[in-house]
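>>> 3D, please:
(one chain, ligands or ions: 1)
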Amino acid sequence: MLLGVNIDHIATLRNARGGLEPNLMQAAQICEKAGADGITVHLREDRRHTRDNDVTELKNILKTRLNLEMALTDEMQKIALKTLPENICLVPEKRQEVTTEGGLDVASRIEFVSDFVRPLTNAGIVVSLFIDADENQVKAAAETGAQFIELHTGRYSEAYGTENEEFEMQNLKTAASLAAKLGLKVNAGHGLTYENVHRMKEIPELIELNIGHNIIARAVFDGLEYAVKSMKELIQ
Ligand code: PXP
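Below you'll find the model as predicted:
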């Protein structure tokens, strides 16, 4: 299975001080060096983490693939067609949300989504739709011309370790299998952690997982001891 690393929260930390550190390009290069198969960023309408010039710079320096998560707006479509990331993942976006809540509703607007996807695929971009593990959404996604879906694993992640875990796991399995039958390729992501990720291996259709927050959170603790020791040495 491939791993796409979402580095949005490196940008969150950088923006907290308004400067350039931690450097987003350096973060992307470390992820690639460590084996990431792609780098994901979500260019949100409010630019709360990644910014337009980050997307352009990443496209120029990445050796793997840039996966741009974005909403279905004219502004984002223009940016995508100018930047030409290798992959795009279309996501729903609400201004006030902390992170992407729920999948895209494709079923109620197949024509709109198809019209949005067409210029992107015509430009050679591989497009994925971020949807819930729901039969109707999978069927609708298969009609849009998008090559991939990304199954929202948020519900599974929340249910992990509870009595609902099996139910959510089964929904993911059923959705992935239906998608493959309909000719879609399948990725998954959201809320995956070092603890709950192992069950994704039970879904044979999965090609790539997109994981962000938990990797960046782990990186803080994996690096904190060394960072403190380095500073102590300097002031001794
Ligand atoms: N996939 C999509 C479509 C997302 O919007 C996000 C969050 O930005 C992720 C994957 C990664 O989720 P997390 O940060 O919880 O690993």
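
>>> if we go by neighbour counts, what in stretch 22-29 is buried?
The neighbour-count check on stretch 22-29 (16 or more other Cβ atoms under 10 Å) flags Pro22, Leu24, Met25, Ala27, Ala28, Gln29 as buried. All C-beta atoms are positioned from the backbone trio N, CA, C, and that covers glycine.

>>> so what touches that stretch?
Under the criterion Cβ atoms under 8 Å, 6 or more residues apart in numbering, residues Ile7, Ile10, Ala11, Leu13, Arg14, Ile39, Thr50, Asp54, Glu57, Leu58, Ile61, Leu62 lie in contact with stretch 22-29.

>>> mean confidence score for it?
Per-residue pLDDT values over stretch 22-29 give a mean of 98.

>>> same question for stretch 162-181.
pLDDT averaged over stretch 162-181 gives 98.

>>> thinking again about what came up before, now distance to the ligand and secondary structure too, for the buried residues of stretch 22-29, in a markdown table please.
Below are those laid out as a markdown table (distance: Cβ to the nearest ligand atom, whole Å; DSSP: H, G, I helix; E, B strand; the rest coil):
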| residue | distance to the ligand | secondary structure |
| --- | --- | --- |
| Pro22 | 17 | coil |
| Leu24 | 15 | helix |
| Met25 | 19 | helix |
| Ala27 | 14 | helix |
| Ala28 | 15 | helix |
| Gln29 | 20 | helix |
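
>>> residues contacting the helix or strand where Ile88 lies, please?
Using DSSP states H and E, Ile88 sits within strand 87-90. By Cβ under 8 Å, 6+ apart, the list of residues contacting strand 87-90 from outside reads 38, 40, 65-72, 80, 104, 113, 116-117, 120, 125-130, 146, 148, 150, 187, 210.

>>> would you list every one of the helices in the protein?
With helices called from DSSP state H, the chain shows them at 8-17, 24-33, 52-61, 74-83, 110-122, 135-141, 154-159, 165-181, 213-235.

>>> tell me what angle the second one forms with helix 8-17.
Read that as helix 24-33. Counting by axes from the mean of the first three to the mean of the last three Cα atoms, to 10 degrees, helix 24-33 lies at 160 degrees to helix 8-17.
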